[in-house]
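S.K.: Attaching a predicted model along with its sequence, questions to come.
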Amino acid sequence: MSILPPPTRVTPEDLLSLPDANGYELVDGRLVERQMGMESSKIALRIAFLIALFLEKRKLGDLFGSDTSYQCFPQAPDDVRRADVSFIRSGRFEGDRLPKGNCKIAPDLAVEVVSPNDLAFDVEEKVGLYLGAGVKSVWVVYPPTRTVKLHRSGAFSQLTEHDTITEPELLPGFSCKVGEFFV
């Protein structure tokens, strides 16, 4: 019988110093590899592109990709998570300067594109963390069914590729057919 040493706990500061940190999240002091598939990556970039086009003529806030790390979870202060796409409204950063390292401000919008290796439990746990941190809207995109589960505090809806997704509070005027995510 062999006894394994206890796993090494990693801090958010340790994560920042790793050479390949963008490929990991930090959950309960453990490194968790983010394994995004090619299809999921393409869809996340497409969503970011559609939102960026909308934001180009409007000064509503900043859009971020999957390498942005968030350490903003009151129920898990040492966790570091990464959304596939995220948005933070203008005026929320101190001095209008982007923070160095992990962002301590919860995004207003977080988009998660489900990859083949993602477990339903893990996705739902992440949605709960985001909502608990004050994220206003979380989009969970399911490529195989071409659907989006839209989570807002106290509300949930599921959209098909034929439905139109909007964000009247965060992105006033933004409107897009869900099917556009999968082009």
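M.R.: On my side now, so go ahead. Numbers count the residues shown, from 1 in each chain.

S.K.: Quick one: the strands in this structure, in order.
M.R.: 24-27, 30-33, 61-64, 85-89, 109-113, 137-142, 147-152, 155-159, 164-167, 171-177 (DSSP state E).

S.K.: which one of those lies closest to Asp96?
M.R.: When the strands of the chain are compared by Cβ to Cβ, strand 61-64 sits nearest Asp96, at 9.9 Å. Every residue, glycine included, has its C-beta placed from N, CA and C.

S.K.: Which elements pack onto the closest one?
M.R.: helix 38-55, strand 85-89 (3 or more Cβ pairs under 8 Å, 6 or more residues apart in numbering; DSSP states H and E).

S.K.: among those, which is the most enclosed?
M.R.: Among the helices and strands packed on strand 61-64, strand 85-89 has the highest mean neighbour count (mean count of other Cβ atoms under 10 Å), at a mean of 23.

S.K.: That one packs against which elements?
M.R.: Contact analysis of strand 85-89 by 3+ Cβ pairs under 8 Å, 6+ apart lists helix 38-55, strand 61-64, strand 109-113 as its packing neighbours.

S.K.: got CSV for these, with distance to Leu129 and mean pLDDT too?
M.R.: Below are the helices and strands packed on strand 85-89 laid out as CSV (distance: least, Cβ to Cβ, whole Å; pLDDT from 0 to 100):
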stretch, distance to Leu129, mean pLDDT
helix 38-55, 19, 97
strand 61-64, 17, 98
strand 109-113, 10, 98
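
S.K.: looking at those, which is closest to Asp20?
M.R.: Counting by Cβ to Cβ, Asp20 lies closest to helix 38-55 out of these; the figure is 16.3 Å.

S.K.: can you list the helices and strands packed on strand 61-64 in CSV and add distance to Val178?
M.R.: Listed next are these as CSV, based on distance: least, Cβ to Cβ, whole Å:
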stretch, distance to Val178
helix 38-55, 10
strand 85-89, 14
